[in-house]
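Trainee: need a 3D model of the following:
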Amino acid sequence: MTAPTVPGVPLAGRGRDAVGAADRVREAVAAGVEAALAGASGPVGKVHVSWVAALDVAACPAAFRGSGADGWGFPGWSAATGAAAVGRAALDAALDGIDERRGLGPPLAPLEVVRDWIRTAPAGDGGVAGWVAELRADGDAGTLAALAAGAGRWVAGFLRTFGWPLPADLAVAAGMRPPAWRPPGVADVTVAGGADARLGRVSGAGRFALVVHRPGGGGDDELRDRATFEAAAGALTRGIAPEAVVVSSGDTGERVRLAVDDGVLAAGSRMVVAVVEQRVVALDRGFDPADATPSPRCRWCPHRPDCPPGQARS
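Mentor: Predicted structure coming up:
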């Protein structure tokens, strides 16, 4: 992986104003969302801006618009979509059972950690735990086995990347994520980050990094876009801009660090607003191959047969 770079004015240093930077991100995103909604030809409905939506728009706005309401929302829990969430929850629960020295003992066994959590995931939880409890109740051994395998791989890669014992200032984001952010006066638009962990304590100085852990690698463009989005989402939801975003790869143990500066935050803000803008455009245009953006996603895009740019890319 090559370290992603985005030009901008560095925020690091003695005069770093992480709170002021986050305030500017909130103002910019609120203004952009307001402008986008003002130009809508009709009601847009609820728009949840996640990293998945932001990367979809960055890859190909036309394909995002054409995915429709079903494609814009969360696809639901499955062994694939739940692996990271279960991995985070299982690792967090295992760390809670270790003393404050954070693991000065034998290393954790990833698959056993995950299986222990799956056996005890509480019913009635509205998140992934509740879904796992339903699988248990239904006796769906196949899905539980696939889920355990994926989540175990996630935990194994995380431990491979960050070592054992884990850094003392690392906090896994399981059940402790900040609430989604809403632009003032806009109830139907929400923004949420998807970082898996945090390095450092969140304070007004902003000397912390958000961690995105991936079981496998990825292209440089996608890594840069993901880190850029998480920088802006972190500033929006926490009210403090992070110092950096770290993207790790469990397969290789690599870590790519994107230093967060004004340029990164501005680019991330544009990614957030772009999701709302494309939802507005979708009211009138939907998928239009005239402005499709060729990318690796063309290979599995359902519009490829009727999209010349997609056929050219594939």
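Trainee: can you give me the helices in the stretch 201-314 of the chain?
Mentor: All helices of the stretch 201-314 of the chain, identified by DSSP state H, counting those that start in this stretch, fall at 220-238, 262-282, 308-313.
Trainee: which of those helices has the highest mean neighbour count?
Mentor: Highest mean neighbour count of the helices of the stretch 201-314 of the chain: helix 220-238, a mean of 25 (counted as mean count of other C-beta atoms under 10 Å). All C-beta spots, glycine's among them, are computed from the backbone N, C-alpha and C.
Trainee: counting contacts, what elements does that helix pack onto?
Mentor: Where contact means 3 or more C-beta pairs under 8 Å, 6 or more residues apart in numbering; DSSP states H and E, helix 220-238 is packed against helix 18-38, helix 51-59, strand 189-191, strand 209-214, strand 244-249, strand 255-259, helix 262-282.
Trainee: put together JSON lines for the ones you listed, with distance to residue 126 and mean pLDDT on each row.
Mentor: Below are those laid out as JSON lines (distance: least, C-beta to C-beta, whole Å; pLDDT from 0 to 100):
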{"stretch": "helix 18-38", "distance to residue 126": "26", "mean pLDDT": "97"}
{"stretch": "helix 51-59", "distance to residue 126": "19", "mean pLDDT": "94"}
{"stretch": "strand 189-191", "distance to residue 126": "16", "mean pLDDT": "97"}
{"stretch": "strand 209-214", "distance to residue 126": "24", "mean pLDDT": "96"}
{"stretch": "strand 244-249", "distance to residue 126": "28", "mean pLDDT": "94"}
{"stretch": "strand 255-259", "distance to residue 126": "32", "mean pLDDT": "93"}
{"stretch": "helix 262-282", "distance to residue 126": "24", "mean pLDDT": "97"}
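Trainee: any chance of CSV for the helices of the stretch 201-314 of the chain, columns distance to residue 190?
Mentor: Listed next are the helices of the stretch 201-314 of the chain as CSV, based on distance: least, C-beta to C-beta, whole Å:
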stretch, distance to residue 190
helix 220-238, 10
helix 262-282, 11
helix 308-313, 30
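Trainee: so which of those gets nearest residue 98?
Mentor: helix 220-238 (26.3 Å; C-beta to C-beta).
Trainee: hang on, residue 288 packs against residue 61?
Mentor: No. Judged on C-beta atoms under 8 Å, residue 288 makes no contact with residue 61 at a distance of 9.2 Å.
Trainee: between these two, who's got more neighbours?
Mentor: Neighbours per residue (other C-beta atoms under 10 Å) separate residue 288 from residue 61, with residue 61 holding more: 22 against 16.
Trainee: spatially nearest residue to the more buried one (excluding sequence neighbours)?
Mentor: Ranked by C-beta to C-beta, 6 or more residues apart in numbering and with sequence neighbours excluded, the top spatial neighbour of residue 61 is residue 278, at 5.0 Å.
Trainee: show me what contacts the one you found?
Mentor: 57, 61, 64-65 (C-beta atoms under 8 Å, 6 or more residues apart in numbering).
Trainee: out of those residues, which one sits closest to residue 194?
Mentor: Comparing those against residue 194 with C-beta to C-beta picks out residue 57 as the nearest, at 15.0 Å.
Trainee: you'd agree the closest one is up against residue 274?
Mentor: Yes. When contacts are counted by C-beta under 8 Å, residue 57 is listed as touching residue 274 (5.0 Å).
Trainee: just give me the neighbour total for residue 106.
Mentor: 7.
Trainee: so it: helix, strand or coil?
Mentor: coil (DSSP: H, G, I helix; E, B strand; the rest coil).
Trainee: so how far is residue 112 from it?
Mentor: 11 Å (C-beta to C-beta, to the nearest Å).
Trainee: same question for residue 75.
Mentor: Distance of residue 75 to residue 112, given as C-beta to C-beta: 29 Å.
Trainee: so these two - more neighbours on which side?
Mentor: Neighbours of residue 75 and residue 112, each counted by other C-beta under 10 Å, are more numerous for residue 112; the result is 14 against 10.
Trainee: which residues touch the residue nearest to the spatial centre of the chain?
Mentor: Taking C-alpha atoms, centre = their mean, the centroid of the chain lies closest to residue 194, which sits 2.9 Å from it. Residue 194 is in contact with 50-52, 212, 230, 233, counting by C-beta under 8 Å, 6+ apart.
Trainee: ditto for residue 243
Mentor: Residues in contact with residue 243, defined by C-beta under 8 Å, 6+ apart, are 11-12, 16, 18, 200, 206-209, 259-260.
Trainee: got the phi/psi numbers for the residue nearest to the centre of the chain?
Mentor: With angles defined as degrees, to the nearest 10, residue 194 sits at phi -130, psi 20.
Trainee: ok now stretch 137-157, how far from the chain's centre?
Mentor: Offset of stretch 137-157 from its chain centre (C-alpha atoms, centre = their mean, to the nearest Å): 21 Å.
Trainee: cool, thanks, talk later.
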